[in-house]
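Visitor: Sequence first, predicted model second:
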Amino acid sequence: MPKVSILVNSYNEDRYIGAALDSAVAQTYKDVEIIVLDDQSTDRTAEIVKSYAARDPRVKYLRSERRLGLTDGRNALLAAATGDYLTYLDADDMYLPMKVEEEVNFLEAHRDYAAVYCNLGYFYDDAPEKIYRHIHHFYSGDEVFPHLLEKMFITNTAFMFRREVYEKLGPYRKDLGLVEDWEYFLRMTYAGNRIAYIDKDLVRFRLRWDSHTNFAKLALIKESAVNIFVDLRSRMREEDRKKYNIDFHIAKQKEIWLITLFSIGKKNEAMKVYGDIKQYVRPAKKAVILGLAALPSPVARFLVLKAWNMRKKNLFSPI
């Protein structure tokens, strides 16, 4: 049985899937299987992946019988995997040659950790030669869960975890919305599974304006974040709700969500959410929210879009 399962979920990614597979088969750690789930693609994905499978028996091509989407696709890949270690490779991203070896070596040497993730470089689709770093901190061990309550800082392509963790946790949840990976990491760490960070640049992540995280879906993404925090609260012990101040974190997620609601013209819904959390909102942010509520919806949308795009530019710095 292969030691590592590299799991690739692809839907109409024939522009990028070849580069992703090149990076997988070129890993210095050779004891891998590379499973590609073709989620009903209508482009050349099948042709490209099958050509790799014909040359390298480690590459396995699967085609879904119906359109699954990201969450069900991840679950189908996990169900098909046979390795002791599980790791993802998004079809438009790439591994650097030592990625799998470095993470396997860490997990082999540290049995007290359930998973590991690495640093990575980002590049824009139209300028692949320029590499950027995400401006935030990474955390290990006992620091991971409380900081995951603040923000999501683990990237799937940089992540590897033990099969036994998946067997205990079960599949990703589709019922909570579009941030199934954040929910999975929270569920994993709250259950006591420790995640380590290794400060090595081992992945290249492609930034695309047409990805599932674009602004058109932002309100749904932020609503999903609220859902996973509310669900987490329902499963927490009462002493942990107080210890981690979970009600405050739910309010912070709702605050972000209501701002995105202004951007799609749902002013009444935004103000209803504000009414639920206004005791948690700082005065400066209250002024922003009430100001947006007083503006015509097209103006509020323009301002939110402008502020969001400026924030996104400030999240990355060139190397």
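Guide: That came in fine, so what should we check first?

Visitor: which other helices and strands contact the lengthiest strand in the chain?
Guide: Counting by DSSP state E, the longest strand found in the chain is strand 195-207. Judged by 3 or more C-beta pairs under 8 Å, 6 or more residues apart in numbering; DSSP states H and E, strand 195-207 is in contact with strand 94-95, helix 99-109, strand 115-124, helix 180-190. For glycine as for every other residue, the C-beta is placed from the backbone atoms N, C-alpha and C.

Visitor: Quick check: mean pLDDT of the helix or strand following that strand?
Guide: Next helix or strand after strand 195-207 toward the C-terminus (DSSP states H and E): helix 218-235. Mean pLDDT, helix 218-235: 95.

Visitor: Mind listing what's buried along the longest strand of the chain?
Guide: By 16 or more other C-beta atoms under 10 Å, the buried positions in strand 195-207 come out as 195-198, 200-207.

Visitor: Paired strands for that strand, with orientation please.
Guide: strand 94-95 (antiparallel), strand 115-124 (parallel) (DSSP bridges).

Visitor: and it with helix 180-190, angle?
Guide: 170 degrees (axes from the mean of the first three to the mean of the last three C-alpha atoms, to 10 degrees).

Visitor: Point out the most buried one among the helices and strands packed on strand 195-207.
Guide: Of all these, strand 94-95 has the most neighbours on average by mean count of other C-beta atoms under 10 Å, namely a mean of 24.

Visitor: can you give me the mean pLDDT across that one?
Guide: Mean per-residue pLDDT for strand 94-95: 98.

Visitor: hmm, who's touching that strand?
Guide: Applying C-beta atoms under 8 Å, 6 or more residues apart in numbering, the contact partners of strand 94-95 are 19-20, 22-24, 27, 89, 157, 202-204, 206.

Visitor: Rebuild the residues you listed as JSON lines, extending it with pLDDT and distance to R173.
Guide: Below are these laid out as JSON lines (pLDDT from 0 to 100; distance: C-beta to C-beta, whole Å):
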{"residue": "A19", "pLDDT": "97", "distance to R173": "31"}
{"residue": "A20", "pLDDT": "98", "distance to R173": "26"}
{"residue": "D22", "pLDDT": "98", "distance to R173": "33"}
{"residue": "S23", "pLDDT": "98", "distance to R173": "29"}
{"residue": "A24", "pLDDT": "98", "distance to R173": "27"}
{"residue": "Q27", "pLDDT": "98", "distance to R173": "30"}
{"residue": "L89", "pLDDT": "98", "distance to R173": "22"}
{"residue": "T157", "pLDDT": "96", "distance to R173": "20"}
{"residue": "L202", "pLDDT": "98", "distance to R173": "28"}
{"residue": "V203", "pLDDT": "98", "distance to R173": "25"}
{"residue": "R204", "pLDDT": "96", "distance to R173": "29"}
{"residue": "R206", "pLDDT": "92", "distance to R173": "26"}
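
Visitor: Among the residues you listed, which pair sits farthest apart?
Guide: Greatest spatial distance in those: Q27 and R206, 18.6 Å, computed using C-beta to C-beta.

Visitor: so what's L21 closest to, chain neighbours aside?
Guide: Spatial nearest neighbour of L21, excluding adjacent residues (C-beta to C-beta, 6 or more residues apart in numbering): Y52 at 5.0 Å.

Visitor: was I right about the one you found contacting A20?
Guide: No - with contact defined as C-beta atoms under 8 Å, Y52 does not reach A20; the gap is 10.1 Å.

Visitor: Now do the end-to-end distance for stretch 106-126.
Guide: Using C-alpha to C-alpha, to the nearest Å, the end-to-end distance of stretch 106-126 comes to 34 Å.

Visitor: tell me the average confidence for it?
Guide: 95.

Visitor: And for stretch 46-63?
Guide: 98.

Visitor: Give me the contact list for it.
Guide: Under C-beta under 8 Å, 6+ apart, the answer for stretch 46-63 is 2, 10, 14, 17-18, 21, 24-25, 32-38, 40, 76-77, 80.

Visitor: List the contacts of the closest residue to R301 other than its chain neighbours.
Guide: In this structure, R301 finds its nearest non-sequential neighbour in S263, 4.9 Å apart by C-beta to C-beta, 6+ apart. Neighbouring residues of S263 by C-beta under 8 Å, 6+ apart: 215, 218-219, 300-301, 304-305, 308.

Visitor: what does R235 give?
Guide: Counted by C-beta under 8 Å, 6+ apart, R235 has contacts Y190.

Visitor: do the same with H136
Guide: Residues in contact with H136, defined by C-beta under 8 Å, 6+ apart, are 151, 153, 315.

Visitor: does the nearest residue to M1 once chain neighbours are set aside count as helix, strand or coil?
Guide: Residue nearest to M1 in three dimensions, not counting chain neighbours: T82, with 5.2 Å by C-beta to C-beta, 6+ apart. Assigned with DSSP: H, G, I helix; E, B strand; the rest coil, T82 falls in the coil class.
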